[in-house]
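In: I'll drop the sequence and a predicted model, then ask my questions.
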Amino acid sequence: MKKDDPKSMETKCPIYKSWRELPLVPISRGMKGSIGETGDWRTYRPGIDEKECNRCGICYVYCPDGVIQFKEGSAPEIDYKYCKGCGICKVKCPKKAIEMIRERE
Amino acid sequence: MSKIKKSEMDKEQTIIMSGNYASAWGAKCSRVKAISAYPITPQTTVVEKLADFVDGGELDARYVKVESEHSVMASLVGSSMTGARSFTATSGQGLLYMTEMLHWVSSSRLPIVTTIASRGIAPPWNIWAEYTDILSIRDCGWIIQFASTHQEIFDSVLMSYKIAENQGVMLPYFIVYGGFTQSHTSKPVRIPPQKEIDAFLPPPPEKGWSHLNLDPENPVTFGNLLMPQQEYLDFRFLIHDSMVKSKKIIQKTIKEFKKSFKRDYSGLAENYKCNDADVVLISYGALAEQSKIAVDELRKEGKKVGLFKLRYIRPFPNEELVKLFNSDVKVIGIADQGTAFGNPTGGPISTEVMSLLRQSNRKIKVLPYVWGLGGRDVTVDEQIRVFHQLIQLKNKNEYPTDDTFQHGTVWMGLKTGA
């Protein structure tokens, strides 16, 4: 699957030097990582066993953060920069091909 | 398009109406586009009248009935985010139930206007005039204005949208008046020709507010998480900054209103015969309006007394008060029609007024009062007695000696067994 253009989707949080420059309210536009690299929050990392995976794409459908890329016919890819490690993909995988692995300190 | 009669467009009418109807008429004449409502005594007839207006086609607005006051304000957050002029009214417990969403509105900088028919807080149940409802949410970023006459309720709604929607303000706005004493009594109210109201208060920008706008074509998220090192603090400061700076817009709007409709609302506070007074009573709401009679009576006897009526408490009229402190005044009484349990005086506004005293070098004696709780009558005679207590303090340096004087404050009407 063609990845989103990283230049347009990476964090573009404006930097304000003074309160005088601020708009009245904070606004987030649809962009990747507007709250930072949320992969830092993860305690367990989902690992896909590509041999067991049957390419059904159910993990991609259920991922609440949209960090699983999936193209029919190939194994899904997880973006670990933003995956928070919730484990929903592991629960939903019909082939039990996803394992949650403890992150090291 | 609303069916406004040709005569209403071109001619001024004078209608005898309740304070609640004056609020509903204010919303109608401001051509509000979204109303969300949940009935509560003594506010109910405001939203009933508005339902009438919408049902009869006199007001072109969406009227949403919801299951609670919390939902009332939540739904107005949605309507106001689309740029629709949004209105509701509530009272007492209903206002308290709304509290979380009140912060959501002010921090989203949405110019929603809400009128409050103030009442006592339960338990024990009480539905009569007292301002503890609004006073207990005074710090949530809404402008708070008291309206002490029926005409002022109507006029204030027109002015409130002009102030709240000003780009330099963009804050929500409460107009507050007493339950029953104002909400359910009737007086003549002058309704200017709609044509003139439209000229004074044009509709909000069609594209929505410039700082945020719900637009499905351009999806954005509001109110997201900000980390401690990010601008959370700065956005908080901006609200306070706009609140303080709104004083100029308020004064400008009052002047414009006077020019358009020939009625003068003086400013953030009203100075009634204070200029040469050595004894001044500071108060707010309809009871303050009534105190003018007490002042007039005492002036006939040659007593140099005055009334300083707070029209706004958010923003707080600092400059006006400091000017008062720097006049000839020697003794100030501050009467609260509401409570702040355990604060320095027991009354929220007396404490705030006293906090400004240090901005003046003059030595002024202060006597705080709590009066009119739960709709208890405060008569003109009782207000005259208050002035006599203040004069006693000035002449003989004597604080009240009876049992109503507790913890440095006079709790007027406290049962003392006497």
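Out: Done, it's in.

In: In chain A, what residue spans correspond to strands?
Out: For chain A, applying DSSP state E gives strands covering A:27-29, A:44-48, A:68-69, A:77-78, A:98-102.

In: List the pairing partners of the third one within its sheet, with orientation.
Out: Right, the one you point to is strand A:68-69. According to DSSP bridges, strand A:68-69 forms sheet pairs with strand A:77-78 (antiparallel).

In: What is the neighbour count of B:G347?
Out: Residues near B:G347, counting by other C-beta atoms under 10 Å in any protein chain shown, number 26. The C-beta positions use only the backbone N, C-alpha and C, and glycine is treated the same way.

In: Which residue is the nearest non-sequential neighbour of it?
Out: Spatial nearest neighbour of B:G347, chain neighbours left out: B:D336 (3.0 Å); criterion: C-beta to C-beta, 6 or more residues apart in numbering or on different chains.

In: what residues are up against the closest residue to B:K65 other than its chain neighbours?
Out: Spatial nearest neighbour of B:K65, excluding adjacent residues (C-beta to C-beta, 6+ apart): B:A37 at 6.6 Å. Contacts for B:A37 (C-beta atoms under 8 Å, 6 or more residues apart in numbering or on different chains) come out as B:V47, B:L50, B:A51, B:Y63, B:V64, B:K65, B:V66, B:V72, B:T88, B:A89.

In: hang on, the earlier thing: output the strands of chain A in CSV, with mean neighbour count, distance to B:D403 and mean pLDDT appended to each entry.
Out: Below are the strands of chain A laid out as CSV (neighbours: other C-beta atoms under 10 Å in any protein chain shown; distance: least, C-beta to C-beta, whole Å; pLDDT from 0 to 100):
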stretch, mean neighbour count, distance to B:D403, mean pLDDT
strand A:27-29, 13, 58, 82
strand A:44-48, 18, 68, 96
strand A:68-69, 18, 74, 96
strand A:77-78, 18, 74, 96
strand A:98-102, 15, 70, 96
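
In: Now name the helix or strand holding B:D234.
Out: Assigned by DSSP states H and E, B:D234 belongs to helix B:232-261.

In: Now that helix: buried residues?
Out: Using 16 or more other C-beta atoms under 10 Å in any protein chain shown as the test for burial, helix B:232-261 gives B:234-235, B:238-239, B:242-243, B:246-247, B:249-250, B:253-254, B:257, B:261.

In: Next, format the residues you listed as CSV and append distance to chain A.
Out: Output for the buried residues of helix B:232-261, formatted as CSV (distance: C-beta to the nearest C-beta, whole Å):
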residue, distance to chain A
B:D234, 4
B:F235, 6
B:L238, 6
B:I239, 9
B:S242, 8
B:M243, 13
B:S246, 13
B:K247, 18
B:I249, 15
B:I250, 18
B:T253, 20
B:I254, 24
B:F257, 25
B:F261, 30
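
In: In the stretch 1-150 of chain B, where is pLDDT below threshold?
Out: B:1-2 (pLDDT under 70).

In: switch the cut-off to 90
Out: Residue ranges of the stretch 1-150 of chain B with pLDDT under 90: B:1-10.

In: What of chain A?
Out: A:1-16, A:27-37, A:72-74, A:104-105.

In: Spell out which residues of it are next to chain B.
Out: Contact residues, chain A versus chain B (C-beta under 8 Å from any C-beta of the partner chain): A:16, A:19, A:22-30, A:34-36.

In: next one: stretch A:89-102 to chain centre, how far?
Out: Distance of stretch A:89-102 from the chain centroid (C-alpha atoms, centre = their mean, to the nearest Å) equals 16 Å.

In: Please read the previous query as pertaining to stretch B:184-204.
Out: 18 Å.

In: Does that stretch reach chain A?
Out: No - using C-beta under 8 Å from any C-beta, stretch B:184-204 stays clear of chain A, with a minimum separation of 15.1 Å.

In: quick one: A:T43 from chain B, how far?
Out: Here A:T43 is placed at a distance of 19 Å from chain B (C-beta to the nearest C-beta, to the nearest Å).

In: Pull the contacting residues for that residue.
Out: A:G85, A:R102, A:E103.

In: Then B:Q290?
Out: With C-beta under 8 Å, 6+ apart, B:Q290 has these contacts: B:V378, B:V380, B:Q383.

In: how about the residue lying farthest from the centre of chain A, what does it touch?
Out: Using C-alpha atoms, centre = their mean, the residue of chain A lying farthest from its centre is A:R20. It sits 34.4 Å away. Contact partners of A:R20, counting by C-beta under 8 Å, 6+ apart, are absent.

In: any idea how far it lies from B:L238?
Out: 9 Å (C-beta to C-beta, to the nearest Å).

In: cool, and B:Q194?
Out: 35 Å.

In: Look at the closest residue to A:Y80 other than its chain neighbours and say how many residues are nearby.
Out: Closest residue to A:Y80 apart from its sequence neighbours, by C-beta to C-beta, 6+ apart: A:G39 at 5.2 Å. For A:G39, the number of neighbouring residues by other C-beta under 10 Å comes to 18.

In: A:G39 reaches A:C83, doesn't it?
Out: Yes - applying C-beta atoms under 8 Å, one finds A:G39 in contact with A:C83, separated by 5.6 Å.

In: pLDDT on the strand or helix carrying B:I293, on average?
Out: In this assignment (DSSP H and E), B:I293 forms part of helix B:285-300. Averaged across helix B:285-300, pLDDT comes to 98.

In: hey, C-alpha coordinates of that helix in PDB?
Out: Only the C-alpha atoms of helix B:285-300 are listed here, as PDB (Å, rounded to 0.1, in the frame of the first residue of the first chain):
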ATOM      1  CA  GLY B 285     -29.700  43.500  41.400                       C
ATOM      2  CA  ALA B 286     -33.200  44.800  42.100                       C
ATOM      3  CA  LEU B 287     -32.600  45.400  45.800                       C
ATOM      4  CA  ALA B 288     -29.800  47.800  44.800                       C
ATOM      5  CA  GLU B 289     -32.300  49.600  42.500                       C
ATOM      6  CA  GLN B 290     -34.700  49.900  45.500                       C
ATOM      7  CA  SER B 291     -31.900  51.300  47.700                       C
ATOM      8  CA  LYS B 292     -32.100  54.500  45.600                       C
ATOM      9  CA  ILE B 293     -35.400  55.200  47.400                       C
ATOM     10  CA  ALA B 294     -33.600  54.800  50.800                       C
ATOM     11  CA  VAL B 295     -30.800  57.100  49.600                       C
ATOM     12  CA  ASP B 296     -33.400  59.700  48.500                       C
ATOM     13  CA  GLU B 297     -35.200  59.500  51.900                       C
ATOM     14  CA  LEU B 298     -32.000  60.000  53.800                       C
ATOM     15  CA  ARG B 299     -30.800  62.800  51.500                       C
ATOM     16  CA  LYS B 300     -34.000  64.700  52.500                       C
END
